[in-house]
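Trainee: This is a predicted model, with the sequence first.
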Protein chains: 2
Amino acid sequence: MMNFSAELKEKQDYINRVLDKYLPETEGRQKTVLEAMRYSVTIGGKRLRPMMMAEVYRTFAPNADLYLAEPFMAAMEMLHTYSLVHDDLPEMDNDMYRRGQLTTHAKYGADMAILAGDALLNYSFETACKAFSDGSNPAQDARVAKALQVFGKKAGIFGMIGGQVVDVEKTGQALTEEEISFIYELKTCALLEASMMIGAILGGATKAELDLVERMAKNIGMAFQIQDDILDLTGDEAKLGKPVGSDEKNEKTTYVTLHGIEASSMEVKRLSAEAVELAKKINGTEFLCELITYLTVREN
Amino acid sequence: MMNFSAELKEKQDYINRVLDKYLPETEGRQKTVLEAMRYSVTIGGKRLRPMMMAEVYRTFAPNADLYLAEPFMAAMEMLHTYSLVHDDLPEMDNDMYRRGQLTTHAKYGADMAILAGDALLNYSFETACKAFSDGSNPAQDARVAKALQVFGKKAGIFGMIGGQVVDVEKTGQALTEEEISFIYELKTCALLEASMMIGAILGGATKAELDLVERMAKNIGMAFQIQDDILDLTGDEAKLGKPVGSDEKNEKTTYVTLHGIEASSMEVKRLSAEAVELAKKINGTEFLCELITYLTVREN
């Protein structure tokens, strides 16, 4: 039996192959932005969202292959990447490095980064739509339509973008506990919820199971974001591939600035343990449970 | 019987009501960007794309009401609006006025304009997805899925965004006839093609009819763009609601700079007459034919 990190690596490699298959070729007059899209997606990333989607899909459809989920797996990583490309822009966080590499605007210019982000967002929907049959499988298509609706909602103004808006607007201001929760739930949890809910929907989960998945994903998202805040203060720049202390530089109130490192670490563990409990309730795969625990001890 | 301009006005009013219904309310912590979205969509616009969509839908489904097409009509105008919001950004055309009003970044700042554009793009897909039934109408849902695929493709990197990329990259350089065609086909024609093709798909057109609709829309798009270039040189600022001479200011090669005003006007008429012929082949509504002709004599 493989150990966890070998399995993690194998799953990341598989997702990278899926991404390579679904990303557009870099030929044509619009070559620059096609290259910028591919660059943005392939410079790194833990592939956590598609990985979570695949594990939840496997939980509900243990005997199906991942073929039906693949377009959504690729779409989710494209969507996540566009959000990073736009977040890094000079008008936003103005970050020059991510994952140890030049950010998209630093490499291709702000105009091409705006367009590459737009293109990735648009292409994520195009890619998700590839899960539709030619009309010959209406039962499957109904699931795909439902998954697409979750994808759109959690990514948009009442999901990730909504969180980003408030995050940007409130930068430099002291935040309340409630405002922090709102931002974390939308900016970070929403896409993790979407990933796992889409895995559940495509795998045939019931409404009650879908609710459990959403709660589990929210816990994972909160734990993930607080761990991110902790790493921004205590992490190792070489392992993170980006400068630490950026929250302080950008005058951002985080969960950690409100509660301190020790209480934040305990909250990460509590949220994570609860998520593992929920994962067991849906008979989640062993790897899913290990992955949830891993996220709380990660160093990047 | 109403005259053309009264009918045009009535149809615009109807589309504005559809937009009002589908745009999100401006309540919540992310209020600023919800307002920016609504502002961007409602400051004006001829509503040409949803109008064309509705006319082609009516052509193929004369006895159906427009209920099924409405989500796509709203989605198309949101999509078109996001493209204007991002085009106007300082890193792109840096325009402060559009339709006689402050552009979104001039009013809300570049950060909120980037996010409002992202939000409109995302919301356009969310809105189009509202055309899906709850699974009870698989035949209709198959059309919706097909329409959604056309929507995504024509908006993306092999459609509108692809054209915008080349337009931005080539600004300040002399363009060949071929490069101009590429930019016009993608940047302008693609969304008009999508609009009319979606109307045809939802209305139940055959593959052969869909091809005719695509050709007709391409002609209309080319005529529309060349007329835009002519108006940028000869138009009345008060009627246009924006400064003339912006192509010259931005050193853009256009069809008009290559061929002169007289030959360009003749080309607009030729393209438009051909489009009317194609409209008659599909037994297009009378209003559709009038609208095509109107676009070649418009002053804004």
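Mentor: Ah, there it is. Numbering: from 1, shown residues only, chains lettered A, B, ... in the order given.
Trainee: make it CA atoms for all contacts and neighbour counts henceforth
Mentor: Fine.
Trainee: Point out the residues in the stretch 151-300 of chain A that sit beside chain B.
Mentor: With Cα under 8 Å from any Cα of the partner chain as the criterion, the stretch 151-300 of chain A comes near chain B at residues A:G152, A:K153, A:A155, A:G156, A:I157, A:I161, A:G162, A:G163, A:V165, A:V166, A:V168.
Trainee: Could I get those in JSON lines, plus columns for secondary structure and neighbour count?
Mentor: Putting those into JSON lines (DSSP: H, G, I helix; E, B strand; the rest coil; neighbours: other Cα atoms under 10 Å in any protein chain shown) gives the following:
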{"residue": "A:G152", "secondary structure": "helix", "neighbour count": "23"}
{"residue": "A:K153", "secondary structure": "helix", "neighbour count": "21"}
{"residue": "A:A155", "secondary structure": "helix", "neighbour count": "28"}
{"residue": "A:G156", "secondary structure": "coil", "neighbour count": "26"}
{"residue": "A:I157", "secondary structure": "coil", "neighbour count": "27"}
{"residue": "A:I161", "secondary structure": "helix", "neighbour count": "26"}
{"residue": "A:G162", "secondary structure": "helix", "neighbour count": "29"}
{"residue": "A:G163", "secondary structure": "helix", "neighbour count": "28"}
{"residue": "A:V165", "secondary structure": "helix", "neighbour count": "25"}
{"residue": "A:V166", "secondary structure": "helix", "neighbour count": "21"}
{"residue": "A:V168", "secondary structure": "helix", "neighbour count": "18"}
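Trainee: Among those residues, which one lies nearest to B:Q101?
Mentor: A:V165 (23.4 Å; Cα to Cα).
Trainee: tell me the phi and psi of the nearest residue to the closest one once chain neighbours are set aside?
Mentor: Nearest residue to A:V165, sequence neighbours excluded (Cα to Cα, 6 or more residues apart in numbering or on different chains): B:Q30, at 6.1 Å. Phi and psi for B:Q30, reported as degrees, to the nearest 10, are phi -90, psi 30.
Trainee: list the contacts for B:Q30?
Mentor: Listed by Cα atoms under 8 Å, 6 or more residues apart in numbering or on different chains, the contact set of B:Q30 reads A:I157, A:G162, A:G163, A:V165, A:V166.
Trainee: The stretch 51-200 of chain A: strands as residue ranges?
Mentor: A:97-98, A:101-102 (DSSP state E, counting those that start in this stretch).
Trainee: and the ones you listed, which one is worst for confidence?
Mentor: Among the strands of the stretch 51-200 of chain A, strand A:97-98 carries the lowest mean pLDDT, a mean of 90.
Trainee: does A:D236 really touch A:V244, like I thought?
Mentor: Yes - assessed by Cα atoms under 8 Å, A:D236 is found in contact with A:V244 at 7.5 Å.
Trainee: In terms of packing, which of these two has more residues around it?
Mentor: Between A:D236 and A:V244, A:V244 has the larger neighbour count (other Cα atoms under 10 Å in any protein chain shown), namely 19 against 15.
Trainee: okay but the more buried one is in contact with A:L233, surely?
Mentor: Yes - here A:V244 reaches A:L233: they are 6.2 Å apart, a contact under Cα under 8 Å.
Trainee: residues touching the residue lying closest to A:G159 once chain neighbours are set aside, list them.
Mentor: Excluding the flanking residues, the one nearest A:G159 by Cα to Cα, 6+ apart is A:L186, at 4.8 Å. Contact analysis of A:L186 by Cα under 8 Å, 6+ apart lists A:K154, A:F158, A:G159, A:M160, A:I161, A:G162, A:G163, A:Q164.
Trainee: Kindly recompute the last result at 10 Å.
Mentor: Counting by Cα atoms under 10 Å, 6 or more residues apart in numbering or on different chains, A:L186 touches A:154-167, A:192-193, A:218, A:221.
Trainee: Understood, closing this out.
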